[in-house]
Every structure is written in C-alpha cells, then in structure tokens.
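Enquirer: here is the input, now give the coordinates:
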Amino acid sequence: MIKNISALMISTLICFNTAYAADLNQRDDVKQFIDKMVNEHQFDKKQLQGWFSKTELQPKIIEAISRPAEKKLKWHEYRKIFVKPNRIEKGVIFWTTHKETLARAEKEYGVPAHIITAIIGVETRYGEHKGRYRVIDSLVTLGFDYPKRSKFFKSELEHYLLLVRDEGVDPFSINGSYAGAMGIPQFISSSYRHYAIDFDGDGIRDLWNNPVDAIGSVANYFKQHGWQTGQGVVIPTKITGDSYQTLIKRGLKPHTPLAEFAKFGLSFDTDADTTMDVSLIELDQPSSKEHWIAFKNFYVITRYNHSPLYAMAAYQLSLEIKKAHDAS
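Expert: Predicted coordinates:
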C-alpha cells in the first residue's frame, strides 16, 4: 500500500514539474480570449480551440519568471555571466562573419556594430541558444496562470497569434525563452510585429533563423526607441556625500541636466553637452558601490531589457568585443 502511494505521489510530482494536462477550452477566461480573437481579428474559432487543446501549461515557467537573475544577483556576480572570454571571442567571430551586414545596419540606423553584436551575444550567444519552451506554451501559461502579469502576457499571446498568421508559421513550431522571447535577438511578439525588418530583402522577416534580419531588426529597435548616434552610453563618476541618492530615486530615464549633477556631490570628466538630461545608476561590487552617469543611449538599452544590470553588462561586453575585434 505504501509503495503504491509513493508511486502515485512521484507520478503527480513529475506531472506537476513538467507540464500538466488541462482542457483549456473549458475555462471561462480562455473562452473570452478566443471570442476576442474571433471578433476583433477574424480568427476561426475551431482553429483556436484546436490550438488551445494542444497547448501545455508549464509550471516550470511560473517558477522561472518568479526568480529572475536580476533580483538575486549583485552586479559583480551578474557581470561574470556575460562579460567573459568565450562570449567575447564568439562576438568577434560573429562580427567578422557578418561585417558587411553590421556595417550597413550601423550606417542606416546609427547603432554601432559592437552594440548590435553584444545584444545578440547576451541574448542567445549569437544564435546558439534560442530557448527550449514552445512560445505558445509560455504565453498561455503566463497569460492565464500568472495573475501578476496576466494582462501583459495575454496581450503578447494576441500578438503572437497575429504574428504566426501573418508570417504563415505553425504556432507550435517556435521555441523561445520562458517569457516568450524568440529568435536570434529574443524579440517578444509585440516587438517582432512592430520592429522586425526584412534586412536581406527576401520578402520574409525571419528572426528565428536569419542573422541578417536579426541584425537589422536590433538596429531598428534601438533607433525606434531613440538611440542617439554618436552619443555616449555611460561615464563613471565619483561621489561625495549622500545627496546623490535623490538622483537614483528619480529612475533610469534621463531626468536631470548633466550640469546640475555637481550640486549633488558628483564629479566627472566628459566633453558631453552638459545641458542634456542624464540619470544616475548605482551598482554593487563585493565591498563597495560604483556609480555611473547614464545617457539616453543607456536608457534605450534598458528598453530591450528593463534591468540596469542587463544594460551595463551588454554595454561592457560590447566594449570588450570592440577591443578584441580592433586588435585582430
């Protein structure tokens, strides 16, 4: 008897920790979503019901999104994940392989080749790791079983279904991150629809497999979010006193003219326009903190991922890639 109970418990745990079967079409919230897609976007109801019947809810996705690395790692720990020799070396290889495409993207959109390369390097190791979850499973799981951000992920699911219909893709054929980001640059569905471009002119916007389209799309994304060609990203600053904390509390978006930062006990060396708005970020080292003045371009990087740790890691990786590339 005990042996049978144990087997049942193990079976239940395995099921819970992988995917759990559910007749999603019987859920009221799913019915409402299907009706919305039918009424607003003229989807076929039976087709949507068929898709939902094959979709698997994934508890592991809820676990993953509930413990993002940005919340548990300090800056010096987070940096080590991305700014490392192997990723730098592969970045140089990627840049060399796609030098003409990167040069064209830089010329047309004003985003430096090393920045584009680093973003793709951080996201998928230059296309090597694009995610292991079916995007439709991720978005349905988070849209219907993650109340904290249900509205956002239902919207992304809506964009995803429109995307696969427009692009003529099987919705079950695309894998991505636990949060539904996909392809070489890890675009979420709404970003794919709004910012992906056909950079090689073959009539298809393919970020899943085409590095040329991925490069152009990253550049377009940054440009559309306000990338300032020729402007810096961050500069280091030294701090005296505690009044600087007021600047940190004002957030990542540029908010205060650079000229006024001296009033808050900050000293820095730059030839940048001191009338432009900037922000201040604080990052943890093992036994101290480091401070950086962030320009609009740093904020633009955070539009790709809202974490300042991400933006700084991507930027510092880009500098290392550029140094290694220029030396090769």
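Enquirer: all helices for the stretch 101-250 of the chain, in order.
Expert: 113-124, 135-145, 150-167, 189-195, 211-224, 245-249 (DSSP state H, counting those that start in this stretch).
Enquirer: in a markdown table: those helices, plus mean neighbour count, mean pLDDT and distance to T274.
Expert: For every residue, glycine as well, the C-beta is placed using N, CA and C. Output for the helices of the stretch 101-250 of the chain, formatted as a markdown table (neighbours: other CB atoms under 10 Å; pLDDT from 0 to 100; distance: least, CB to CB, whole Å):
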| stretch | mean neighbour count | mean pLDDT | distance to T274 |
| --- | --- | --- | --- |
| helix 113-124 | 25 | 98 | 24 |
| helix 135-145 | 25 | 98 | 43 |
| helix 150-167 | 19 | 97 | 38 |
| helix 189-195 | 19 | 98 | 32 |
| helix 211-224 | 24 | 98 | 24 |
| helix 245-249 | 14 | 96 | 15 |
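Enquirer: what about the ones you listed, which gets the closest to I174?
Expert: Proximity to I174 (CB to CB) singles out helix 135-145 among the helices of the stretch 101-250 of the chain, at 4.7 Å.
Enquirer: and the angle for the closest one with helix 150-167?
Expert: Inter-element angle recorded for helix 135-145 and helix 150-167: 150 degrees (by axes from the mean of the first three to the mean of the last three CA atoms, to 10 degrees).
Enquirer: touching helix 135-145 from outside, list them.
Expert: Helix 135-145 is contacted from outside by 19, 24, 27, 29-30, 33, 51-52, 55-59, 61-62, 65, 149-150, 153-154, 156-157, 160, 171-172, 174-180, 182, 189, using CB atoms under 8 Å, 6 or more residues apart in numbering.
Enquirer: before we move on, back to that, let me have the helices of the stretch 101-250 of the chain in TSV, extended by distance to K322.
Expert: TSV is the format used below for the helices of the stretch 101-250 of the chain (distance: least, CB to CB, whole Å):
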stretch	distance to K322
helix 113-124	4
helix 135-145	33
helix 150-167	33
helix 189-195	24
helix 211-224	16
helix 245-249	29
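Enquirer: checking I281 next. Helix, strand or coil?
Expert: strand (DSSP: H, G, I helix; E, B strand; the rest coil).
Enquirer: residue contacts, G50?
Expert: Taking CB under 8 Å, 6+ apart as the criterion, G50 is in contact with no other residue.
Enquirer: now do it against N25, distance only.
Expert: In this view, G50 and N25 are 9 Å apart by CB to CB, to the nearest Å.
Enquirer: one more: Y310?
Expert: For Y310, the distance to N25 - CB to CB - is 38 Å.
Enquirer: which one of these two has more residues nearby?
Expert: Neighbours were counted for Y310 and for N25 using other CB atoms under 10 Å; Y310 has more, 20 against 15.
Enquirer: thought that one was touching E123?
Expert: No. With contact defined as CB atoms under 8 Å, Y310 does not count as touching E123 (9.9 Å).
Enquirer: can you list residues touching both of these two?
Expert: Counting by CB under 8 Å, 6+ apart, nothing touches both Y310 and E123.
Enquirer: for this protein, just list every one of the strands.
Expert: Assigned by DSSP state E, the chain shows strands spanning 133-134, 175-176, 234-236, 238-239, 256-257, 266-267, 277-284, 289-294.
Enquirer: contacts only, for the closest residue to A311 other than its chain neighbours.
Expert: Among residues not flanking A311 along the chain, I301 sits closest, at 4.0 Å (CB to CB, 6 or more residues apart in numbering). By CB under 8 Å, 6+ apart, the residues touching I301 are 115, 119, 222, 233, 310-311, 314-315.
Enquirer: report pLDDT for I301.
Expert: Note on I301: pLDDT of 98.
Enquirer: ok, the one 3 residues further on next?
Expert: Confidence per residue is given as pLDDT, and for Y304 that number is 96.
Enquirer: okay, now the domains of the chain?
Expert: 24-66+131-183, 234-294 (automatic domain parsing).
Enquirer: of those, which is nearest V83?
Expert: domain 234-294 (12.9 Å).
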